[in-house]
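Colleague: sequence and predicted structure below; questions after.
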Amino acid sequence: MTAIRAVLAPGVALMAVALLAPPAGFAQAASPDPESPSPIDPLDSVWLEELTWMEVRDAIRGGNTTAIVATGGLEQNGPYLATGKHNIILRATTERIAHKLGNALAAPIVAFVPEGDIQPPTGHMRYPGTISVREETFESLLEDIARSLRAHGFRRVILIGDSGGNQDGMRRVAERLSAEWVGAAASIHYVPEYYDNPRWKRWLEAQGVHEQDEGLHDDVRHSAIMMVVDPETVRMRERLAKGLFAINGVSLAPAEKTIALGNELVEYQAEVTVEAIRRAIGR
């Protein structure tokens, strides 16, 4: 939100007050004209939740008519990783994908997904901190999100998911809405290429990273990308203090090296996903 912070910076506070105050003689400011230009330049952010409605409107008018809907999850991820692992990773990968596409904005990450039965608990729901939703809830949410985006002028809705349990639901939603939107100006596409763990593993092995699975629901790839966003999400300081800053037989120290690897992973995953999106939409 760089532009907004600049408005409120010291020395220009009076400007902010003047801009926000109602015109003289009015009890309250008039509603903004939907046809008027945005009062500030569009921000660099690709996230809908970080933009004003006028910035989104102007971005769509300017050709940003692809919307990415990314699904993550809240679940146990071994003893070291924050439960929001998938959502944290998507902050990096979704943003990179949107920038590479060049005409895309991203909806807020769908953080709640099917993680197992709630009662009695199954799957990840056996562990505290996990939040699960029913499959029908997940799919209904995705349908409503996609319809909302279409209503505001987005012409392509892209579904990607960072967890295995999300894939079938996204595919079914894309199939149903594709049938419903036949002949319409909008389309929806589920892109499974985003979630291709064997491919990412082969890439890591080509870089000389060979893991021995310790059964902790954690690996170098997830840890490295999370560290790009925030090293504390993998409890880096605590693990360094205890001599536990490694996973699957691979040391994560020094942190700078692992973060650099995480950035390369994000870049590679974004390249693969963008190519798949362009194939899906015929561009």
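Modeller: Perfect, I can see it now. Numbers count the residues shown, from 1 in each chain.
Colleague: from residue 265, how far out is residue 218?
Modeller: The spacing between residue 218 and residue 265, counted by C-beta to C-beta, to the nearest Å, is 15 Å. (Glycine included, C-beta is placed from N, CA and C.)
Colleague: who has more neighbours out of the two?
Modeller: Taking other C-beta atoms under 10 Å, residue 218 and residue 265 do not tie; residue 265 has more neighbours (23 against 20).
Colleague: ok now the helix or strand harbouring the more buried one, how far from the chain's centre?
Modeller: With secondary structure defined by DSSP states H and E, residue 265 is part of helix 255-281. From the chain centre to the centre of helix 255-281 is a distance of 13 Å (C-alpha atoms, centre = their mean, to the nearest Å).
Colleague: averaged pLDDT, it. What do you get?
Modeller: Helix 255-281 shows a mean pLDDT of 98.
Colleague: which helices and strands does it pack with?
Modeller: helix 85-101, strand 156-161, strand 187-190, helix 197-206, helix 220-229 (3 or more C-beta pairs under 8 Å, 6 or more residues apart in numbering; DSSP states H and E).
Colleague: quick one, which of these gets closest to residue 278.
Modeller: When these are compared by C-beta to C-beta, helix 85-101 sits nearest residue 278, at 8.0 Å.
Colleague: which helices and strands does the following helix or strand past that closest one pack with?
Modeller: Sequence-wise, the next helix or strand downstream of helix 85-101 (DSSP H and E) is strand 104-106. On a contact count with 3+ C-beta pairs under 8 Å, 6+ apart, strand 104-106 meets strand 66-71, helix 85-101.
Colleague: taking those together, which one is wrapped up most tightly?
Modeller: When those are scored by mean count of other C-beta atoms under 10 Å, the highest mean neighbour count falls to strand 66-71 (a mean of 27).
Colleague: okay, the angle between that strand and helix 85-101?
Modeller: 170 degrees (axes from the mean of the first three to the mean of the last three C-alpha atoms, to 10 degrees).
Colleague: just the CA trace of strand 66-71, in CSV.
Modeller: Extracted C-alpha coordinates of strand 66-71, given in CSV (Å, rounded to 0.1, in the frame of the first residue of the first chain):
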residue,chain,number,x,y,z
THR,A,66,-7.8,-12.5,-15.5
ALA,A,67,-8.5,-13.4,-11.9
ILE,A,68,-6.5,-16.0,-10.0
VAL,A,69,-8.3,-17.9,-7.2
ALA,A,70,-5.8,-19.8,-5.1
THR,A,71,-6.8,-22.3,-2.5
